[in-house]
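> heads up, no residue letters with this:
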């Protein structure tokens, strides 16, 4: 059936969200994660900064644990001083917290969007850079594989965006491509130190999550994640 008339105090953008939530066809209804993202735009959540800080700390701990395993902080010496390892972990967390704070805004929100016609060349350029870095002696192969997979995903999603998707979708995708390109270029000077590897890894996961959320919001199927 049809929805009733919107309440007088309901703004157009809010009513539009309600309509997207109540679409009769289940496959066309927006997902709850998209609803949450839209609600955040409407409401000034007082504890938003605290929540972001808790999530950031959780992400830092996860990446620190993962990177410590393959970086071999103890340098192969099982009897190495535990306090040295703890100190290393604390320094890594502090460094990560600083870099995440400085890059989170650029990773999550950007005011620069790549024009659709330029996206293919940017994708090709990024893939070329990653290929050249694979021969570098100071590059971490795991990080390069992550970013290579990201650009393959971006290329596939770009092929899914057609005339049925609105300008908002194209702008959001262009912004993501812009940020992905920026951070990919920074890999050329990143090196393979533990802190650098952790930082670039977290950037990858932030970008990949943005791609997930974009696909959910605009009903785009990620072929690399579909079953």
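Happy to help now that I have it. Keep in mind that this is a model prediction, so the values were computed, not measured.
> when you work out contacts or count neighbours from here on, use the C-alpha atoms and nothing else.
Will do.
> elements contacting the helix or strand hosting residue 201?
Per DSSP states H and E, residue 201 falls inside helix 194-217. Judged by 3 or more Cα pairs under 8 Å, 6 or more residues apart in numbering; DSSP states H and E, the packing partners of helix 194-217 are helix 32-42, helix 48-71, helix 82-108, helix 141-160, helix 167-186.
> list the buried residues in the following helix or strand past the longest one.
Beyond helix 82-108 in the direction of the C-terminus, DSSP H and E gives the next helix or strand as helix 119-133. Along helix 119-133, the positions that meet the burial threshold by neighbour count (16 or more other Cα atoms under 10 Å) are 119, 122-123, 126-127, 130, 133.
> could these go into TSV alongside pLDDT?
Shown next, in TSV, are the buried residues of helix 119-133 (pLDDT from 0 to 100):
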residue	pLDDT
119	95
122	96
123	96
126	97
127	96
130	96
133	94
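> for residue 174, state which of those is nearest.
Using Cα to Cα, residue 119 is the member of these that sits closest to residue 174, with 7.4 Å.
> next one, pLDDT for the residue lying closest to residue 175 once chain neighbours are set aside please.
Spatially, and ignoring its direct neighbours in sequence, residue 175 is nearest to residue 113 (4.1 Å; Cα to Cα, 6 or more residues apart in numbering). Per-residue confidence for residue 113 comes out at a pLDDT of 77.
> pretty sure residue 113 sits against residue 167.
No - counting by Cα atoms under 8 Å, residue 167 is not a contact partner of residue 113; they are 11.5 Å apart.
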